[in-house]
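>>> need the 3D shape of this:
(one chain, ligands or ions: 1)
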Amino acid sequence: MCQLILEVFIALDIFSSLKEGFFSFVDLARINKLPENRYYHLNWMVEFLFHNNYLDFQFVSGLRKYQLKRNIQASGSLYYRNLIVRTSSQMIPSCDLMEHVAKNYPDFLQGKLNGFEILFIKDKMKLWKQYFSNEHLGYSVYNSFGAEAFIVWMPKGNFRVLEVGGGTGNACLSILQLLKKNLSFDLLDKYIFSDISPLFMRMGKDLIENNLGSLENFATKKIDFNVPFDVQGIENDSCDVVYGVNSLHVAENITKVLGNIIRALKPGGKIIISESVRQTRQHLLIQEFIFNLLDEYTGIRNTQNDSFAKGFLAYTDWLDIFKVVGLRNIRYALNVENSLAKPTYPILAAVFKGEKNG
Ligand SMILES: C[S@@+](CC[C@H](N)C(=O)[O-])C[C@H]1O[C@@H](n2cnc3c(N)ncnc32)[C@H](O)[C@@H]1O
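Next up, the predicted model:
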């Protein structure tokens, strides 16, 4: 991944500056005349290289300045691809998407392209379809871990589920398959699969139908979770579980969105989510290289003056937010055993559960 950042820096002439001397990210941005709304992204890349031991660091007149370590070579994106593919051919979707993003970052940083154009226009849905697929080792952990948690935390009797930000449907498929395997599928009165994007909703519906046939208790609904659900056809106090995988982190205002979800839950109903999390706020995640491109992804958060509190939250932030909105019986699990005892180990996924009073 650091090699992809170096490719971006070579295209912008940042690489040669970093080889020659110590620069702050603001120096680098100014030398390259980058617009100010791209400073966050450049800062993220510089910090990512630093955290991964590619840069030396000095404080100069109170500013953090960096220089490329002497032994670091730019080996090119092919090196990155070979390294990933050697780990597993099921990582290729990560590679394809990261390379696509890296190729477009120089234009993005110069303000010539926006994230939406890079990620969603024209034939990009193929990249997303394979990225969110349960066949893709670099993503499916969120769906499988979420589904396992769902089975542990789901209500004991019959239940009705609303999934928010269901996307390509792979998270939903993992749940429905596990319910069938556990012989608890008959307890499912209704699974309402929702997303803000009609295109994603159609992809999700097709995935479920292609894998499980047409199900009587499965329905789709267009829902924007930033807006109260009762005006979108989901009555208050009507759901036993609201579920989401990697969707709530793009909430415009997470406390408001959780309020919308809580109103849709029956008394005692549960919110269950699976999320990419940072181990600490300072911990930077590889996939942020992609998602930093999106305004809504870098624009939220209820913390102040902490640029690295943007983007994916630390798992402790989620716990705090669940408490603040009044959820009870909060539980969580991280997918890495003893992760707290190993602070350098990257946590990939966390699942959280909270219950509405009642
Ligand atoms: C990372 S994807 C989730 C992937 C999904 N869990 C899957 O299995 O494919 C995030 C999803 O959230 C949806 N989304 C973004 N903003 C939303 C909003 N305001 N309301 C509802 N869904 C939203 C996006 O359209 C996208 O499908």
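>>> poorly predicted segments of the stretch 151-300 of the chain, please.
For the stretch 151-300 of the chain, the stretches flagged by pLDDT under 70 are 296-300.
>>> assign I272 to helix, strand or coil.
strand (DSSP: H, G, I helix; E, B strand; the rest coil).
>>> look up how far S197 lies from it.
As judged by C-beta to C-beta, to the nearest Å, I272 and S197 stand 22 Å apart. In short, each C-beta sits where N, CA and C put it, glycine included.
>>> likewise S24?
Distance, S24 to S197, using C-beta to C-beta: 39 Å.
>>> next: V227.
14 Å.
>>> pick out whichever of I272 and S197 has more residues nearby.
I272 (25 against 15; other C-beta atoms under 10 Å).
>>> tell me the buried residues in whatever helix or strand C95 lives in?
In the assignment (DSSP states H and E), C95 maps to helix 92-109. Going by neighbour count (16 or more other C-beta atoms under 10 Å), the buried part of helix 92-109 is 92-99, 101-102, 104-106, 108-109.
>>> tell me which of these is nearest to K190?
Distance to K190, by C-beta to C-beta, is smallest for P93 among these, at 31.4 Å.
>>> how much space between that closest one and the ligand?
12 Å (C-beta to the nearest ligand atom, to the nearest Å).
>>> ok, K270 next?
Counting by C-beta to the nearest ligand atom, the separation of K270 from the ligand is 18 Å.
>>> so that residue makes contact with W153?
Yes. Using C-beta atoms under 8 Å, K270 is in contact with W153, at 6.3 Å.
>>> what is in contact with these two at once?
Taking C-beta atoms under 8 Å, 6 or more residues apart in numbering as the criterion, K270 and W153 both touch K353.
>>> those two - which one has more neighbours?
Per other C-beta under 10 Å, whichever of K270 and W153 has more neighbours is K270, with 25 against 20.
>>> report the two of the buried residues of helix 92-109 separated the most.
The most widely separated members of the buried residues of helix 92-109 are I92 and L109, with 26.1 Å between them, by C-beta to C-beta.
>>> three-state assignment of the closest residue to L285 other than its chain neighbours?
In space, and not counting its chain neighbours, L285 is closest to F312: 5.5 Å by C-beta to C-beta, 6 or more residues apart in numbering. Under three-state DSSP, F312 falls in the coil class.
>>> tell me the contacts of F312?
Contacts for F312 (C-beta under 8 Å, 6+ apart) come out as 249, 275-278, 285, 287-288, 291.
>>> among those, which lie within strands?
275-276 (DSSP state E).
>>> save the contacts of F312 as TSV, and put in distance to the ligand and neighbour count too.
Shown next, in TSV, are the contacts of F312 (distance: C-beta to the nearest ligand atom, whole Å; neighbours: other C-beta atoms under 10 Å):
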residue	distance to the ligand	neighbour count
H249	8	21
E275	10	21
S276	9	23
V277	14	26
R278	16	22
L285	13	18
Q287	10	20
E288	13	21
F291	8	20
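>>> closest one to N52 out of the contacts of F312, please.
Lowest distance from N52 to the contacts of F312 (C-beta to C-beta) belongs to L285, with 12.2 Å.
>>> please report the distance of the residue of the chain most remote from its centre from the ligand.
Here the chain reaches farthest from its C-alpha mean at S61, the gap being 36.0 Å by C-alpha atoms, centre = their mean. To the ligand, S61 is 41 Å away according to C-beta to the nearest ligand atom.
>>> just L327 next, same as before
Distance, L327 to the ligand, using C-beta to the nearest ligand atom: 20 Å.
>>> what about the spatially closest residue to K129 that is not a sequence neighbour, which helix or strand?
Leaving out its chain neighbours, the residue that sits closest to K129 by C-beta to C-beta, 6+ apart is T168, at 6.1 Å. T168 belongs to no helix or strand when assigned by DSSP H and E.
>>> from the ligand, how far out is T168?
According to C-beta to the nearest ligand atom, T168 stands 4 Å off from the ligand.
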